[in-house]
Each structure stands twice: as structure tokens, then as C-alpha cells.
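Novice: The following block contains a protein sequence and its predicted model.
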Amino acid sequence: MHQLQIDPSLIGGMKWRQIGPFRGDRVQAVAGLPGDPNTYSFGAVRGGIFKSMNGVLSSTPTFDHEGVSSIGAIAVAGADHNIIYAGMGEACLRGTSPTAT
């Protein structure tokens, strides 16, 4: 079996980084901001909506204290990018779990 050789200079500057909520949750829904490749809103399967304005290097919770068990869909309003539409529930029911209170 032949093993692929990769030039170390191609990947030498790569570093591991966190790309989601520090809770370690799964993300079901993501919406970007048109015209801004660094701004995203995303919904966690166990509840909560998070926003990143730096290409998901970090995120800020914007809707995480509600009694919602899952965010299954998310969209940014075209007329006002400060308005986020969210649908509750997960498409894959095996992974849906209630948020602990």
C-alpha cells in the first residue's frame, strides 16, 4: 500500500481551534449574513442560538436561556439582519434531547 506524502510546508502553519459553542454541542442549523463571509448565526441541537462575527473563531450566545429543546432551522431576515427566525425541533429525532433546567 502506497502512502501519500504531504509537503510539511503546506500544513506547517495550521493549528487546532474551537469552531463552535464551548458546550460541545451539535449544530443543526446555520445561516450566514449575505455579503459578510465572517458573520454566522447557528442553532444548537440542545437549544440556543449563537452568533459569530469572526468566521466562527468565537461565538456569543444570543438565545440560550429559553426552555427550548432544539433549534432545527434558522434564517436571517433580508430587510433587517438583526432579526433571526428560528424553527424549533431537530430533523433527526434520535438526537433530540430536552435542555436541562
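Specialist: In hand now; what should we look at?
Novice: just the helices in this protein please.
Specialist: 8-11 (DSSP state H).
Novice: where are the low-confidence patches of it?
Specialist: In the predicted model, the chain carries pLDDT under 70 at residues 1, 18-25, 91-101.
Novice: This structure: strands as residue ranges?
Specialist: Applying DSSP state E to the chain gives strands spanning 27-33, 36-44, 49-52, 60-63, 71-76, 84-88.
Novice: From start to finish, how long is stretch 71-88 in a straight line?
Specialist: Distance across stretch 71-88, first residue to last, is 5 Å (C-alpha to C-alpha, to the nearest Å).
Novice: Give me the residue at the spatial middle of this protein.
Specialist: Phe42 (3.9 Å; C-alpha atoms, centre = their mean).
Novice: Could you measure from Gly89 over to Gly72?
Specialist: Gly89 is 4 Å from Gly72, where distance means C-beta to C-beta, to the nearest Å. The C-beta positions use only the backbone N, C-alpha and C, and glycine is treated the same way.
Novice: Can you pick out the residue with more neighbours from those two?
Specialist: Taking other C-beta atoms under 10 Å, Gly89 and Gly72 do not tie; Gly72 has more neighbours (17 against 14).
Novice: show me what contacts that one?
Specialist: Counting by C-beta atoms under 8 Å, 6 or more residues apart in numbering, Gly72 touches Gln28, Ala29, Gly43, Gly87, Met88, Gly89, Glu90, Ala91.
Novice: switch the cut-off to 6 Å
Specialist: The contact partners of Gly72, taken as C-beta atoms under 6 Å, 6 or more residues apart in numbering, are Gln28, Gly87, Gly89, Glu90, Ala91.
Novice: Just the closest of the residues you listed to Asn38, please.
Specialist: Nearest to Asn38 among the contacts of Gly72: Gln28, at 21.3 Å, using C-beta to C-beta.
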